[in-house]
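Engineer: got a structure for you, letters missing:
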């Protein structure tokens with residue numbers, strides 16, 4: 001267990017982005033920009049200082065993330081300097097949207113999130129191109145973002161493996177390559193790098209083994225910049241994995257209210273934010289979050305949104 005002096009964790013709620021981009025156009029009259037703004041404000045009121053909120057992807061993929069909806073949400077929320085609002089950008093077109101909507105530091109001051117996969121098959125399925133091409137394009141984006149003072153975080157998807165949903169083949173990433181990707185992102189000035197277990201591939205033992213290997217290669221360096229983003233069909237398994245990750249010294253965790261979200265390339269939902277908060281608090285680990293407000297919000301969303309909107313399985317993108 002890490003030193004008690006650094007026990008506080010950072011939890012990033014990804015409800016609005018991961019749930020939102022899976023809403024089909026048939027249900028946008030329920031999941032409106034106004035509702036998303038209300039949820040964002042409730043998350044902030046509960047103490048969240050990191051929220052994945054938007055994704056600059058093609059609206060044909062995610063109609064809830066169309067440009068006008070993003071514009072309204074950003075404008076009505078305004079500039080919230082005390083909160084790290086994160087908007088994902090998958091490519092140059094998404095970066096252009098990010099800039100066009102004034103989401104950078106001179107405007108609404110969002111953090112930009114870049115993502116790619118540690119597994120070639122998944123990167124091709126999710127982003128439609130090889131990892132090498134993705135990174136080359138991101139390097140161009142990162143140079144420009146740096147010149148503008150845009151904060152950036154990175155996500156490495158399928159860091160624990162990827163099973164092709166079509167043929168059942170399990171692809172395991174090269175750990176040396178994962179470590180090289182982490183170094184590349186940090187060297188380019190990224191604030192944090194999150195490793196995603198895209199499909200809930202790893203149990204506690206496997207999670208520990210992979211992360212211990214990576215941390216050993218890094219000799220403990222930059223551990224404060226590393227995060228963990230588990231998808232899992234069983235929220236309790238994801239939370240059990242998060243406890244292992246915490247024991248290894250990592251303090252950044254992604255979760256979603258009610259465990260919703262995922263990726264159409266074969267990923268189940270996320271670990272439930274409310275259960276993750278309860279788990280950490282039961283261990284005496286500080287999150288800075290109001291547990292009652294988090295649970296109340298999760299119940300409200302379950303009642304007013306999740307029960308009314310079946311998530312489309314053929315929509316979405318990332319992580």
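Structural biologist: Thanks, I have it. Owing to the predicted nature of the structure, the values given are computational and were not obtained by experimental measurement.
Engineer: only C-alpha atoms from now on, for both contacts and neighbour counts.
Structural biologist: Noted.
Engineer: off-centre distance for stretch 98-109?
Structural biologist: Centre-to-centre, stretch 98-109 and its host chain are 20 Å apart (Cα atoms, centre = their mean, to the nearest Å).
Engineer: residue 230 falls within a strand, correct?
Structural biologist: Yes: counting by DSSP: H, G, I helix; E, B strand; the rest coil, residue 230 is located in a strand.
Engineer: what confidence value was assigned to it?
Structural biologist: As predicted, residue 230 sits at a pLDDT of 95.
Engineer: measure residue 39 to residue 51 for me?
Structural biologist: Per Cα to Cα, to the nearest Å, residue 39 is found 11 Å from residue 51.
Engineer: who has more neighbours out of these two?
Structural biologist: A side-by-side neighbour count of residue 39 and residue 51, using other Cα atoms under 10 Å, places residue 51 first with 25 against 18.
Engineer: ok, that one to residue 195 distance?
Structural biologist: According to Cα to Cα, residue 51 and residue 195 sit 17 Å apart.
Engineer: output the below-cut-off pLDDT ranges for this protein.
Structural biologist: 1-6, 264-266, 312-319 (pLDDT under 70).
Engineer: contact partners for the closest residue to residue 161 other than its chain neighbours?
Structural biologist: Excluding the flanking residues, the one nearest residue 161 by Cα to Cα, 6 or more residues apart in numbering is residue 172, at 4.4 Å. Residues near residue 172 by Cα atoms under 8 Å, 6 or more residues apart in numbering: 119, 160, 161, 162.
Engineer: in the sheet, who's paired with residue 226?
Structural biologist: residue 193 (DSSP bridges).
Engineer: thought residue 249 was touching it, still the case?
Structural biologist: No: contact criterion Cα atoms under 8 Å: residue 226 and residue 249 do not qualify, at 9.4 Å.
Engineer: neighbour count for those two, which is higher?
Structural biologist: Comparing residue 226 with residue 249 by other Cα under 10 Å, the one with more neighbours is residue 226, at 21 against 18.
Engineer: how much space between that one and residue 7?
Structural biologist: The gap separating residue 226 from residue 7 is 15 Å, by Cα to Cα.
Engineer: how about residue 152?
Structural biologist: For residue 152, the distance to residue 7 - Cα to Cα - is 25 Å.
Engineer: more neighbours: which of these two?
Structural biologist: Between residue 152 and residue 7, residue 152 has the larger neighbour count (other Cα under 10 Å), namely 23 against 18.
Engineer: let's see which of the contacts of residue 172 end up in strands.
Structural biologist: residue 162 (DSSP state E).
Engineer: for the helix or strand harbouring residue 35, packing partners?
Structural biologist: Element membership for residue 35 (DSSP states H and E) is helix 33-45. Identification of packing neighbours for helix 33-45 by 3 or more Cα pairs under 8 Å, 6 or more residues apart in numbering; DSSP states H and E yields strand 50-55, helix 67-77, helix 291-301.
Engineer: and the ones you listed, which is most packed in?
Structural biologist: When you average the neighbours per residue for each of those (mean count of other Cα atoms under 10 Å), strand 50-55 leads with a mean of 26.
Engineer: elements contacting that one?
Structural biologist: Applying 3+ Cα pairs under 8 Å, 6+ apart, we find strand 50-55 packed against strand 10-13, helix 33-45, strand 84-88.
Engineer: got the angle for the second one vs helix 67-77?
Structural biologist: What that stands for is helix 33-45. With axes from the mean of the first three to the mean of the last three Cα atoms, to 10 degrees as the basis, helix 33-45 and helix 67-77 are set at 40 degrees to each other.
Engineer: can you pull the buried residues of helix 33-45?
Structural biologist: Residues of helix 33-45 classed as buried: 33, 35, 36, 37, 39, 40, 42, 43, 44 (neighbour count, 16 or more other Cα atoms under 10 Å).
Engineer: can you pull the contacts of residue 131?
Structural biologist: When contacts are counted by Cα under 8 Å, 6+ apart, residue 131 touches 116, 117, 118, 120, 123, 124.
Engineer: and if we set it to 7 Å?
Structural biologist: 116, 117, 120, 123 (Cα atoms under 7 Å, 6 or more residues apart in numbering).
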